[in-house]
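Peer 1: Can you look at this prediction? I've put the sequence above it.
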Amino acid sequence: MAAPVIARSSALFVTEVTAGPHRWILDEPREAGGTDLGPTPYDMLAAALAGCTAMTLHFYARREKLQLAEVAVRVTHDRQHAKDCADCTTTGGFIHRMRVDISLSGPLSAEEASHLLTVAGRCPVARTLTSEIRVEHALVSSVE
């Protein structure tokens with residue numbers, strides 16, 4: 001099991017997060033009632049997907065000796081009512097959509113670039129987000 005990520009909050013939205021030696025703040029924008037001291041939880045989810053995609057592409061390109069100079073990944077997130085989605089199997093609640101736009105730099109052929117687009121979907125975070133996920137909540141005396 002991976003090392004835990006711990007979040008602590010004593011304010012409405014401002015949340016201090018630690019992951020090993022790393023620390024950051026999550027918050028909501030002012031228009032949502034937050035103080036905008038940090039990214040939103042959905043921003044962090046998008047960042048995880050974008051970062052994992054870029055890392056996966058560089059790893060694969062290095063292994064296959066492709067001349068990939070730089071990867072830029074933009075992830076946008078929105079949602080729609082499931083009832084408004086013609087090709088979705090979920091019928092209630094919302095369908096969350098994450099669009100991953102990828103820009104590749106380097107002397108890559110069209111075939112290499114196309115194959116890298118396929119490889120992008122293999123990043124572990126993308127696989128997690130597209131598989132069944134179970135979230136289990138437990139009440140404990142303390143979190144350390």
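Peer 2: In hand now; what should we look at?

Peer 1: Could I get the phi/psi values of V71?
Peer 2: Dihedral pair for V71: phi -120, psi 130, per degrees, to the nearest 10.

Peer 1: repeat for H81
Peer 2: Dihedral angles (degrees, to the nearest 10) for H81: phi -60, psi 130.

Peer 1: In this structure V5 contacts E16, no?
Peer 2: No - the criterion here is Cβ atoms under 8 Å, and V5 misses it with E16 at 11.4 Å. For the C-beta atoms, the positions are set from N, CA and C on the backbone; glycine is no exception.

Peer 1: the more surrounded of these two?
Peer 2: E16 (16 against 11; other Cβ atoms under 10 Å).

Peer 1: Break down the protein into its helices, ranges please.
Peer 2: Per DSSP state H, the chain carries helices over the ranges 41-63, 110-120, 124-129.

Peer 1: Let me know which of the ones you listed is tucked in deepest.
Peer 2: helix 41-63 (a mean of 17; mean count of other Cβ atoms under 10 Å).

Peer 1: Of the helices of the chain, which is nearest I95?
Peer 2: Nearest to I95 among these is helix 124-129; the distance by Cβ to Cβ comes to 12.7 Å.

Peer 1: what residues go with each domain of the chain?
Peer 2: In terms of domains, the chain is parsed into 1-39, 40-134 (source: automatic domain parsing).

Peer 1: for those domains, which one sits closest to V140?
Peer 2: For V140, the closest of those is domain 1-39, at 11.6 Å, according to Cβ to Cβ.

Peer 1: Pull out the buried positions in that closest one.
Peer 2: F13, V14, T15, E16, V17, L26, D27, E28, G34, G38, P39 (16 or more other Cβ atoms under 10 Å).

Peer 1: Those into CSV, with extra columns for pLDDT and distance to L68?
Peer 2: Shown next, in CSV, are the buried residues of domain 1-39 (pLDDT from 0 to 100; distance: Cβ to Cβ, whole Å):
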residue, pLDDT, distance to L68
F13, 95, 38
V14, 96, 38
T15, 97, 36
E16, 97, 36
V17, 97, 31
L26, 97, 32
D27, 97, 35
E28, 96, 36
G34, 95, 37
G38, 97, 31
P39, 97, 27
